[in-house]
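> Structure for the following, please:
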Amino acid sequence: MPKGIPQRSCLACRETKDKGSLLRFVLAPDLTVVPDLLQKLPGRGVYTCMKLSCLTRAAQKKQFSRGFKGEVLGAEAQNLTRQITEKLEERIASYLSLANKAGKIVSGSDQVLEKLKKGGIGLLFIATDISADIGEKFRSVAKLKDVRCMTMFTKEHLGGLIGKELRSVVAVVDSGFVGSLGLEMEKYRNFFEEERE
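Numbering: from 1, shown residues only. The predicted structure is shown next:
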């Protein structure tokens, strides 16, 4: 174990890991459990693995009360999962908006497909409400070109993030945003323990 890296253990599985790789929770003044994704909120923190299964187990076994040494509010799995999902999606959305402002976004099915085939795309976002056939077409080309994909946000939401109307696909061109977005996508996938395209 490298020295100097703070370690914490998961409330559910008790495994000890680097603090930065875990989900941190703190107590609000009203004793409500609050997810602290950036690990910057004040107060004593308790941790779970970045996995829905560990969060659910910790909530079901009332481990948040044990961890905070007293009664807590809002520690139901469904409530905490919703908050974490929203926060993870907000972070991805904000990076997409920033990438768009920096001119690092390509959108529109034809333009994205053309750019994917030529190269220079780092990440591909596919709307959740796209038709199965069209989604599969983009995934196939992306796989061929070794471009990571994520199915996330509705067409309306994807378009809104880049100041456009409905968008079925949005691509992030190779840039610094690819690394930042890739990390956030990984957290999202890890949390839901998904093997998504």
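> Walk me through the domains of the protein.
With domains defined by automatic domain parsing, the chain comprises 7-79, 87-192.
> what about the shortest one, start to end distance?
Using C-alpha to C-alpha, to the nearest Å, one end of domain 7-79 lies 26 Å from the other.
> and it, what's its mean pLDDT?
The average of the pLDDT scores along domain 7-79 is 96.
> distance between that domain and the chain's centre?
17 Å (C-alpha atoms, centre = their mean, to the nearest Å).
> Now do the same for residue 193: its pLDDT.
With respect to pLDDT, residue 193 scores 81.
> can you check residue 4 too?
The predicted local confidence for residue 4 is 81.
> What about it, how many residues nearby?
The burial count assigned to residue 4 is 4, neighbours taken as other C-beta atoms under 10 Å. (C-beta placed from N, C-alpha, C; glycine too.)
> State the three-state secondary structure for it.
Here residue 4 is recorded as coil under DSSP: H, G, I helix; E, B strand; the rest coil.
> That one and residue 156: what is the separation?
To residue 156, residue 4 is 46 Å away according to C-beta to C-beta, to the nearest Å.
> What of residue 177?
Distance from residue 177 to residue 156, by C-beta to C-beta: 22 Å.
> who's more crowded, these two?
Taking other C-beta under 10 Å, residue 177 and residue 156 do not tie; residue 177 has more neighbours (20 against 13).
> which residues sit against stretch 181-197?
23, 50-53, 84-85, 88-89, 91-92, 95-96, 99, 122-123, 139, 142-143, 148-152, 172 (C-beta atoms under 8 Å, 6 or more residues apart in numbering).
> again, only using 7 Å
Contacts with stretch 181-197, where a contact means C-beta atoms under 7 Å, 6 or more residues apart in numbering, come from 50-53, 84, 88, 91-92, 95, 123, 139, 148-151, 172.
> Quick check: buried residues in stretch 121-134?
121, 122, 123, 124, 125, 126, 127, 130 (16 or more other C-beta atoms under 10 Å).
> what's the closest of the residues you listed to residue 13?
Comparing those against residue 13 with C-beta to C-beta places residue 123 closest, at 30.8 Å.
> contacting residues for that closest one?
So residue 123 contacts 147, 148, 171, 172, 178, 181, 182 (C-beta under 7 Å, 6+ apart).
> Next up, the contacts around the second one.
By C-beta under 7 Å, 6+ apart, the contact list for residue 148 reads 123, 182.
> Can you tell me who it pairs with across the strands?
Taking DSSP bridges as the rule, residue 148 bridges to residue 123.
> ok, it to residue 65 distance?
Residue 148 sits 39 Å away from residue 65, taking C-beta to C-beta as the criterion.
> I figured residue 130 hits residue 167, correct?
No. Taking contacts as C-beta atoms under 7 Å, residue 130 lies outside contact range of residue 167: 9.7 Å.
> That's all I had, so thanks and see you.
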